[in-house]
Every structure is written in C-alpha cells, then in structure tokens.
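Trainee: the sequence and its predicted three-dimensional model are supplied below.
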Amino acid sequence: MAALEHDLILVGGGLASSLIAWRLALDRPDLRVAVVERDGRLGGEHTWSFFDGDIPARDRAWLEPATPHRWPDGYEVFFPGLSRVLQTPYNSLTSDRLHATVAPLLGDRLVKGRAVEVRPDGVTLSDGRVLGAAGVIDARGPAPTPHLDLGWQLFVGRTVRLTQPHGLTRPTIMDATVGQGDAYRFVYLLPFDERTVLVEDTYYVDGPMLDRALLNRRIDAYICSRGWSVEAVVGEEEGVLPIALDGDIDAFWAEGPPVARAGLAGALFHPTTGYSLPDAVAVARLVAEADDLSSAALRTLIEGYSKSLWARRAHYRLLDRMLFRAAEPRERWKVLRRFYGLPEPLVRRFYAGASTALDKVRILAGKPPVPVGRALRQLRESGRGKAE
Ligand SMILES: Cc1cc2nc3c(=O)[nH]c(=O)nc-3n(C[C@H](O)[C@H](O)[C@H](O)COP(=O)(O)OP(=O)(O)OC[C@H]3O[C@@H](n4cnc5c(N)ncnc54)[C@H](O)[C@@H]3O)c2cc1C
C-alpha cells in the first residue's frame, strides 16, 4: 500500500478539480492537496461562461481573478419574431487565468500523469507511480454510461479578430434566426473586445457525433452574413455536452470505483444547458467546508449532493424530453422562443437551476409548440416513479 503522502488527491485537473483545489488552498492551506492531470496544465483550453444569477455574489468575487470578461449590460437573444435584451450580467472565466491562479498554489503538487487506477487510498499512474492519500476525488470528466439517457449539445467555436469593429455591445446567447435543419440550431457570440468575437455554431441533437466540417462552413457563412471580415483566427474550441433527458442516478453512482466523483463525472451539470460551472463552484464550497475529507466521507457527501440535485431537476429533464422527443426537430426552436418570451426573473432562475414551482408551471403551460399527444406521453412518462 502507498504511503499517505497527501490528504486529498483530485484526479483530472479540469474545471471541477481546479475549483476544489483553489478553494481548499484559500480556506485550508495546511492540507496537502494534489491534482493529477494528464496534460500537466489545469483546465485545458476553455472559456467557461456564467450569468450573475448562476453563482452567489461571494463566489463571483472569489472567481474574479480567473474571470477576465464581464458584460454588465446583459445579453441578447434572437428568434424569428422575437428579439430581446435581458439585463442579467454575463461573465467568462478562462482556463489560462485559472491555471495561472491555481497552479502556483499547488506548486509540485500539480502532478503531470495519466491515472490508470483510482482507489479510495490513492491513484496509480500509467508510468507506474503510486500516489497515496486519505481522500480521493475522481474528476476526469464525462465517461460513457448506460445509466443516463442523454441528448447532446454540439458546437464548434472560432474566436476571430476582425478588420473592423463588429458593433456588438453584449453577448448573443442565442441567435436562432439561422436555418434550423434537423436539429435546434443557434449561433452564440461573445464580443471579447471591439474587434474580437467568439462565433459558436451550436445544435441540440440526439447523438454525440460532431460534424466539424459542417459547423465550420456554417461559421464561415454566418461571419459573411454579418458583413464581417476576418483579420486572424485567434482561437478554436469544440464541445459535446450532455443534455439529461432521463436516467437512473442510483445505478449511475453505483458504477465505477468507490470514490467521490466531481464535475461531469458526478452528473453535476445543468440538465438543459450541459453547463457545469455553477455546480462545480458549489461542490468546491461543500468540500472546503467538510470536516471529514476521507474518501468514504467525500463519497457520501458528493454522491448525496449529486442525487439531491438530480431529484430537484426532474423538471428540466422533462423540458429536455419535450425538446428532443415531443417537438419536431424543425420546430424545436419554438420551445425556446416561447421560453424567452417569459419574464426575466424566471429565465434567470431557470439558468441557475432554481426555478420555483410557479416557474415550472409557466414554462410548460399555455399552448405547447409541440404536438399535444407527444407532449402528454412525455408528461405521463415523467410520472412513472422518477424523482420529481
Ligand atoms: C468547449 C467547451 C465550452 C464549455 N463552455 C461552458 C461554459 O461556458 N459554462 C459552463 O458552465 N460549462 C461549459 N462547458 C461544459 C462543462 O462545464 C465543461 O465541460 C467542464 O470543463 C467540465 O468540467 P469537469 O471538471 O467535469 O471536466 P473537465 O474540465 O473536462 O476536466 C477533466 C480533466 O481530466 C483530465 N483527465 C481525463 N482523464 C484523465 C486521466 N486518466 N488521468 C489524468 N487526467 C485525466 C482531462 O485532461 C481534463 O483536464 C463547456 C465545455 C466545453 C467542451
């Protein structure tokens, strides 16, 4: 057995682990916390965005050093027949800043290596090294599972510097005036400065196969349709994000090694957006405030939290099933247009995963933009003993 040279090992140095390591370094600097990351760099190449409403003010203040972009004047959405400015400020945290902030706190406890075995008492790396710890959290990102019924949000993003100002003053969270085809499709725009903008082509589909060539052509066409001329491409990213339709959370947690799992590995994401930053912030706080950081106690803590969120979020999964299974693919945008016509506080609570009972009724009430028979089938299925 390995010596317990660490109090806690975080396996995978992505968003979830970095936030736990950061929070512990601030609150409990005496703990010996190690992060094992196969790339040796925290967070990969990512931009993670969030609304002010998604994260409590004290945590937004904590994240500020890693959050170089903030749009205080809110954001816009565009649908056929609906253009709207919503006032909630928007923010982007970047992996460069996250790494620059957290890596110095870890020093040589940021271990470059690929974990091949994760156990409650430590980790074995592919080069044979064995690291021992009293507590282990697995945060290696999403793994295929038969226990979650998922749809997918697929996207390719390109950050471009234009020859002229783009004229945008705030992010566009959804421009769904673009052609739809057989999926719900929209373009997402983040104006980083007056000439630099991220253009992301996104669609919600049944399978996780990303057609990069198609999305790149769509990005070219969108840039052209805006009359923008590109001086340089400064970044590219792509995503295959899970959208939760249904699942068996108990069976999900029963698979894999008997350790705690954080981030997407622990099903800790918003069912409708696939975004995990707000949950990762909450889990970092939870861990930092825990008395017992042994593997068994962490497993109980995070598994319990993940399951309680899963139960509270049944409504979002129902909405996702309406989107994926009841609405005709070409008509899916109407579900979202109707949603964005609702009062802004309701929209804010929706993204924060904090919809009230009345919000839930309002989101699904009224004339549904989906065939009534199929909508009823989804409603009936959601009443078959799944957590609500
Ligand atoms: C391009 C993109 C943009 C996104 N934008 C947003 C956003 O704006 N807002 C938001 O909330 N969410 C966003 N998401 C969704 C989600 O928040 C991210 O996927 C997030 O990074 C998930 O965090 P995580 O810690 O679970 O996994 P990851 O951040 O993917 O971290 C997993 C880490 O584990 C490492 N790893 C894997 N296997 C091993 C191994 N065997 N040994 C060692 N290391 C290993 C990987 O290299 C990786 O660094 C985005 C996702 C993508 C892909």
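Mentor: Received the coordinates, thanks. Numbers count the residues shown, from 1 in each chain.
Trainee: so which bits of the longest helix anywhere in the chain are buried?
Mentor: The helix that spans the most residues within the chain, counting by DSSP state H, is helix 295-312. Within helix 295-312, the residues scored as buried using 16 or more other Cβ atoms under 10 Å are 295, 298-299, 301-303, 305-307, 309-310. To be clear about C-beta, it is placed using only N, CA and C from the backbone, and glycine gets the same treatment.
Trainee: what backbone torsions are found at the closest residue to the ligand within the stretch 1-150 of the chain?
Mentor: The stretch 1-150 of the chain approaches the ligand most closely through Gly14 (1.6 Å), counting by Cβ to the nearest ligand atom. When read as degrees, to the nearest 10, the backbone of Gly14 gives phi -90, psi -150.
Trainee: how about the one 4 residues further on?
Mentor: According to degrees, to the nearest 10, the main-chain angles of Ser18 amount to phi -60, psi -40.
Trainee: and the gap between it and Ile302?
Mentor: 16 Å (Cβ to Cβ, to the nearest Å).
Trainee: check what pLDDT Ala305 gets.
Mentor: Check again: residue 305 is Tyr, not Ala. As summarised for this prediction, Tyr305 has a pLDDT of 98.
Trainee: surely the residue of the stretch 1-150 of the chain closest to the ligand and Asp138 touch.
Mentor: No: using Cβ atoms under 8 Å, Gly14 is not in contact with Asp138; the gap is 11.4 Å.
Trainee: ok, the residue of the stretch 251-388 of the chain found nearest the ligand - how many residues close by?
Mentor: Nearest residue of the stretch 251-388 of the chain to the ligand: Gly263, at 2.3 Å (Cβ to the nearest ligand atom). By the criterion of other Cβ atoms under 10 Å, Gly263 has 28 neighbours.
Trainee: burial count for the nearest residue in space to it that is not next to it in sequence?
Mentor: Distances taken as Cβ to Cβ, 6 or more residues apart in numbering place Ala16 nearest to Gly263, at 2.9 Å, with adjacent residues excluded. For Ala16, the neighbour count with other Cβ under 10 Å is 30.
Trainee: correct me if wrong, but Ala16 is in a helix.
Mentor: Yes: applying DSSP: H, G, I helix; E, B strand; the rest coil, one finds Ala16 inside a helix.
Trainee: which ones are touching it?
Mentor: Going by Cβ atoms under 8 Å, 6 or more residues apart in numbering, Ala16 touches 139, 262-266, 268, 276, 280, 283-284.
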